[in-house]
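Peer 1: Fold the following.
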Amino acid sequence: MISIEDAEKAIAEKGKLIDKELEKFLPKRKGDCLYEAVWYHMATGGKRIRPALAIMACESVGGDGRKAIPFASACEILHNWLLVHDDIEDGDEVRRNQPTVWKKYGIPHAINVGDLMSQKVFQLVLDSRQAKVDDETTMKLLELMADTAVKTAEGQAMDIGMRGKEPSEKEYMDMVTGKTAYYLMAPIMGGAMIGGAGKKDIERIYEFGKHAGPAFQIADDILDLTEGKGRGEIGRDIKEGKRSIIAIHCLSRCTSGEKKAMLEILDKNPCDTSADDVRFVRAMFERYRSIEYSKSKADELMEKARRAIKPLPDELRGLLDMFADYLVNRKK
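Peer 2: Below is the predicted model:
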């Protein structure tokens, strides 16, 4: 199995291929509060994972990776558009260890930046025709990106709606499947379409995503408590009151007094949540082995994901296996 280091190296090499394409659709203009803010966000350390995967998926089914570059670039813009708006929704002031767009430029500008990026996604997909992608495939790519944006917004609404409540694990799984499955797999699905993959193989990729997406989110929840996620602190999800699977598991097992104390902390305004509050919740997670439970849940989901792709061609299956390992074992 390819190592995390080798996976990151392969992703970085492919990711470089999209820079020129991005600059065609997102001109660099210093002093321009719109495009300067776009590039401020785009240049804060993102790994270009999604566009790299789109190109690699195209090549893994025998396609010409160059034809996937416009779509791959659209995937990167989609990802970053959602992050800009996500930071506003969560009140995050730091992204990739730098001030977020809304913190640096203000909320009105940040909303407008996200709005611009949302439309650039579809301009880039349409540009696939210039890369000799046929009209039928281009329409399928447009449908894929529209579906991805809708399903991600629906999942995000469920996530926001859970705050202040005590959701079940099933509700969490429904939310995270909606929020991450399409969003995570759209680059690979689209890249495979461009490369000529058949309908059955595309369906298997999505089936993989239905399990890998939640596993990715669980790994992300754990990462927030162990390494941090470039948001300036460890345990930011606790301050935001997120009902992660870790929190849900712990709430279902602790005493009524402990539950009351935990919910009071989770329901605080983030700026009112102290370091002691965060330590208390983390100690509760450790007491009830909620992190260990979540890790085992992520492993179980990834096993289901791998079973879903057994019938795929060897190279495409190998790409997804590599991605699966990267998702649950990364450190940042």
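
Peer 1: I'd like to know how many residues surround Gly191.
Peer 2: Gly191 has 33 neighbours, counted by other Cβ atoms under 10 Å. All C-beta atoms are positioned from the backbone trio N, CA, C, and that covers glycine.

Peer 1: per-residue pLDDT, it?
Peer 2: Reading off the confidence values, Gly191 has pLDDT 96.

Peer 1: Surely it touches Ala52?
Peer 2: No: the criterion here is Cβ atoms under 8 Å, and Gly191 misses it with Ala52 at 9.6 Å.

Peer 1: list residues touching both of those two?
Peer 2: Ala72 (Cβ atoms under 8 Å, 6 or more residues apart in numbering).

Peer 1: if we look at the lowest-mean-pLDDT helix or strand in the chain, which residues are touching it?
Peer 2: Lowest by mean pLDDT, DSSP states H and E among the helices and strands of the chain is helix 4-15, with a mean of 73. With contacts defined as Cβ under 8 Å, 6+ apart, helix 4-15 is touched by 2, 47-49, 51-53, 55-56, 65, 322-323, 325-326, 329-331.

Peer 1: Which elements pack onto the helix or strand just after that helix?
Peer 2: Per DSSP states H and E, the first helix or strand lying C-terminal to helix 4-15 is helix 19-25. With contacts defined as 3 or more Cβ pairs under 8 Å, 6 or more residues apart in numbering; DSSP states H and E, the packing partners of helix 19-25 are helix 69-90, helix 107-126.

Peer 1: So which of the ones you listed is nearest Glu286?
Peer 2: helix 69-90 (24.7 Å; Cβ to Cβ).

Peer 1: can you give me the angle the closest one makes with helix 4-15?
Peer 2: In terms of direction (axes from the mean of the first three to the mean of the last three Cα atoms, to 10 degrees), helix 69-90 departs from helix 4-15 by 110 degrees.

Peer 1: rewinding a little: buried subset of the contacts of helix 4-15?
Peer 2: The neighbour-count test (16 or more other Cβ atoms under 10 Å) marks 48-49, 51-53, 55-56, 65, 322-323, 325-326, 330 as buried among the contacts of helix 4-15.

Peer 1: Let's have those residues in CSV, adding pLDDT and secondary structure.
Peer 2: Output for these, formatted as CSV (pLDDT from 0 to 100; DSSP: H, G, I helix; E, B strand; the rest coil):
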residue, pLDDT, secondary structure
Arg48, 81, coil
Ile49, 82, helix
Pro51, 90, helix
Ala52, 88, helix
Leu53, 89, helix
Ile55, 93, helix
Met56, 90, helix
Gly65, 93, helix
Met322, 83, helix
Phe323, 82, helix
Asp325, 79, helix
Tyr326, 77, helix
Arg330, 65, coil
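
Peer 1: Quickly find the element holding the residue with the largest distance to the centre of the chain.
Peer 2: Residue farthest from the centre of the chain, counting by Cα atoms, centre = their mean, is Gly257 at 35.0 Å. When elements are assigned from DSSP H and E, Gly257 belongs to helix 256-266.
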